[in-house]
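Participant: next comes the sequence, and after it the predicted model I'd like to discuss.
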Amino acid sequence: MDIIRRGAKLVDRLVVGVTTNASKSPMFTIEERMAMVRREVDGVAGEIHVVAFDSLLMDFAEREGAKVIVRGLRAVADFEYEYQMAGMNQQINPRVETVFLMADVALQPIASKLVKEIALFGGDIAKFVPPAVSEEVIARVNRIGRKEVDARGTPVGGRCSVWRKHGFVLSGGLQGRPRPHGQCE
């Protein structure tokens, strides 16, 4: 929301593109994510449109009549990836510029992957996401089931099939030491 609020001040019309990254396993469908974004941008100053897309970003930008893509950066690691992507995008469509905004300092460590992992282990995510999003994530985790591990970090209760079914693979991270990918099959 930080980048959306600030980006809306820079352009006459801000289009928030919602897509699914093939390398991620989203907890919500694209329709659900669009509804969340629409709800959260309601009341933000400026003309903001939330649009789903399933194409190259530059093709989407062209269809929407965009001259600028606003991207948020949290850390140096983000910059390396975004710099490479901006270069590739410029090769695809040199008529569209990429502008980077640094995330608010308080928001820089927040990543959706980590928020999802905290929620799946029953942690409090309220300080990382808006209240309504927190409620929806908690409801989804309650529906699909929390991840449970014993004191050694080993899955308990035979719930790995639930995690795998929903695209979650227990492989380390915030919950403890890394384990082999296939250990919980």
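Facilitator: Done, it's in.
Participant: okay, now residue 69: neighbour count?
Facilitator: Other residues lying near residue 69 total 21 when counted by other CB atoms under 10 Å. For every residue, glycine as well, the C-beta is placed using N, CA and C.
Participant: so how far is residue 65 from the most centrally placed residue in the chain?
Facilitator: What sits nearest the mean C-alpha location of the chain, by CA atoms, centre = their mean, is residue 112, with 4.6 Å. Separation of residue 112 from residue 65 (CB to CB, to the nearest Å): 28 Å.
Participant: how about the top helix by length along the chain: buried residues?
Facilitator: In the chain, with assignment by DSSP state H, the single longest helix is helix 76-92. Across helix 76-92, burial judged by 16 or more other CB atoms under 10 Å covers 78, 82, 86, 89.
Participant: over to stretch 39-53?
Facilitator: 40-41, 48, 50, 53.
Participant: the residue nearest to the centre of the chain and residue 46, how far apart?
Facilitator: Using CB to CB, residue 112 is found at 24 Å from residue 46.
Participant: cool, and residue 7?
Facilitator: According to CB to CB, residue 7 and residue 46 sit 9 Å apart.
Participant: again with residue 15
Facilitator: Residue 15 sits 11 Å away from residue 46, going by CB to CB.
Participant: what of residue 120?
Facilitator: 34 Å.
Participant: hmm, back to that, between residue 7 and residue 46, what contacts are shared?
Facilitator: Common neighbours of residue 7 and residue 46, counting by CB atoms under 8 Å, 6 or more residues apart in numbering, are residue 14.
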